[in-house]
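Asker: here are the coordinates; sequence isn't available:
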């Protein structure tokens, strides 16, 4: 089966920054070894102890969205967790990958928006972003350890010496989000769901009683870009970007809308549509066949007498997506 290719998704800005990082030899293998023996084990222990690992029998309404995405992207399935937190998600692990969704997503996003977020996180895996994310985490931790050692001169030297690399990693990290946004849009078949996710980050719940319109939000990016004619505004925009781990929301919307008009997007969207429309188990998201009484992936009894249980997206009839009880802080 044909699957997504990272080369079709990489945003030019991501690709350029990536080439620069790949020129830094030696550090990648050291960081990968470090995470395998300490950091990833630490994160996994924390996830198993304090988060919910989703599966066919744990929030299947959410979990079943993951396997079709992995199938379309041609990636190994990461573990999927739910943890208490704000409207956000993250992917971690250079050698053992996992996705963590925060409970705020269940409160503030609709089912297809949650699906788009999972596709976005899987886009990071497809584009092989995880090692470089680990590099960024490693450098920041090294600087913090130096500061905690209470050796002012050593800490200052370490911070100054690592500054160029930290800046380069931060710059690349922001640009990598543009590629992951493309992955989500292509899998969902349009820019609609992932751009609505930007609305949620801006402060509007999916069930808000207020009128929502994406296009004026995207148009804000044009006004933002027009301000660059002023040197002072360019400096202010640089300051804003340096304080954020992601590209600015309105800019992301404009970037997505521009890309979905390309032939590459059309080809990937058609591929994803064939995967999304396949009959699947309502618990694990695995493909099913006519006449099956049980899913051969998870053993779940298939509803409707063995007929296709559900499509790859949308709630099971009579089983709404569960809502988290906590009210998280509204932040990214």
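Answerer: Sure, I can see it. Keep in mind it's a predicted model, so treat the numbers as computed, not measured.
Asker: now do the contacts for the residue nearest to residue 281 when sequence neighbours are not counted.
Answerer: Spatial nearest neighbour of residue 281, chain neighbours left out: residue 295 (3.8 Å); criterion: CB to CB, 6 or more residues apart in numbering. C-beta here means a position set from N, CA and C on the backbone, and glycine is covered the same way. Neighbour list for residue 295: 56, 281, 283, 284, 286, 288, 302 [criterion: CB atoms under 8 Å, 6 or more residues apart in numbering].
Asker: what's the farthest-apart pair in those residues?
Answerer: 56 and 288 (12.9 Å; CB to CB).
Asker: more neighbours: the two, which one.
Answerer: Using other CB atoms under 10 Å as the criterion, residue 56 and residue 288 rank with residue 288 on top: 23 against 19.
Asker: now the phi/psi pair for the nearest residue to that one once chain neighbours are set aside, please.
Answerer: The shortest distance from residue 288 to any non-neighbouring residue, by CB to CB, 6+ apart, is to residue 279 (4.9 Å). The phi and psi values for residue 279, taken as degrees, to the nearest 10, are phi -70, psi 140.
Asker: which residue is nearest the centroid of the protein?
Answerer: The centroid of the chain falls nearest to residue 121 when counting by CA atoms, centre = their mean (2.3 Å).
Asker: is it true that it touches residue 180?
Answerer: Yes. Residue 121 is within contact range of residue 180, at 7.2 Å (criterion: CB atoms under 8 Å).
Asker: and residue 57, what is it in contact with?
Answerer: So residue 57 contacts residue 283 (CB under 8 Å, 6+ apart).
Asker: tell me the spacing between it and residue 15.
Answerer: 41 Å (CB to CB, to the nearest Å).
Asker: all strands of the protein, in order?
Answerer: Using DSSP state E, the strands of the chain run over 52-53, 79-83, 89-92, 98-102.
Asker: now do the first one: everything it contacts.
Answerer: Residues external to strand 52-53 that are found in contact with it (CB under 8 Å, 6+ apart): 47, 58, 59, 79, 80, 81, 82, 83.
Asker: residue 120 versus the fourth one, what's the distance?
Answerer: Right, the one you point to is residue 79. For residue 79, the distance to residue 120 - CB to CB - is 17 Å.
Asker: between those two, which one's more packed in?
Answerer: residue 120 (26 against 18).
Asker: how about the more buried one, nearest residue that isn't a chain neighbour?
Answerer: Per CB to CB, 6+ apart, closest to residue 120 is residue 184, 4.1 Å.
Asker: follow-up on the earlier one: ok, the residue nearest to the centre of the chain - contacts?
Answerer: Contacts of residue 121 by CB under 8 Å, 6+ apart are 89, 90, 91, 99, 180.
Asker: give me that answer again for 7 Å
Answerer: 89, 91, 99 (CB atoms under 7 Å, 6 or more residues apart in numbering).
Asker: who wins on neighbours among the residues you listed?
Answerer: Result: residue 99 is most packed of the contacts of residue 121 (other CB under 10 Å), 24 neighbours.
Asker: bridge partners for that residue, pull those for me.
Answerer: When bridges are called by DSSP bridges, residue 99 pairs up with residue 80, residue 91.
Asker: any idea how far residue 46 is from it?
Answerer: Counting by CB to CB - residue 99 and residue 46 are separated by 14 Å.
Asker: one more: residue 21?
Answerer: Distance of residue 21 to residue 46, computed by CB to CB: 27 Å.
Asker: can you count the residues close to residue 291?
Answerer: By other CB under 10 Å, neighbour count at residue 291 equals 9.
Asker: do residue 84 as well
Answerer: There are 14 residues near residue 84, going by other CB under 10 Å.
Asker: do residue 207 as well
Answerer: 9.
Asker: same check, this time on residue 134
Answerer: Residue 134: 22 neighbours (other CB under 10 Å).
Asker: show me the contacts for the nearest residue to it once chain neighbours are set aside.
Answerer: Counting by CB to CB, 6+ apart, residue 94 is the residue found nearest to residue 134 once chain neighbours are left out, at 4.4 Å. By CB under 7 Å, 6+ apart, the contact set of residue 94 is 32, 35, 130, 131, 134.
Asker: surely the last one and residue 27 touch.
Answerer: What that stands for is residue 134. No. Here residue 134 lies out of contact with residue 27, judged by CB atoms under 7 Å, at a distance of 10.3 Å.
Asker: show me where the stretch 1-150 of the chain dips below the pLDDT cut-off.
Answerer: Scanning the stretch 1-150 of the chain for pLDDT under 70 picks out 1, 25-26, 30, 33-35, 37, 140-150.
Asker: going along the chain, name the helices of it.
Answerer: 6-9, 12-22, 27-34, 40-50, 60-63, 66-73, 103-108, 111-126, 130-148 (DSSP state H, counting those that start in this stretch).
Asker: chain center to the first one: distance?
Answerer: Right, the one you point to is helix 6-9. Centroid separation for helix 6-9 versus its chain: 16 Å, with CA atoms, centre = their mean, to the nearest Å.
Asker: so what does that helix touch, helix or strand wise?
Answerer: Helix 6-9 sits against helix 111-126, helix 152-188, with contacts defined as 3 or more CB pairs under 7 Å, 6 or more residues apart in numbering; DSSP states H and E.
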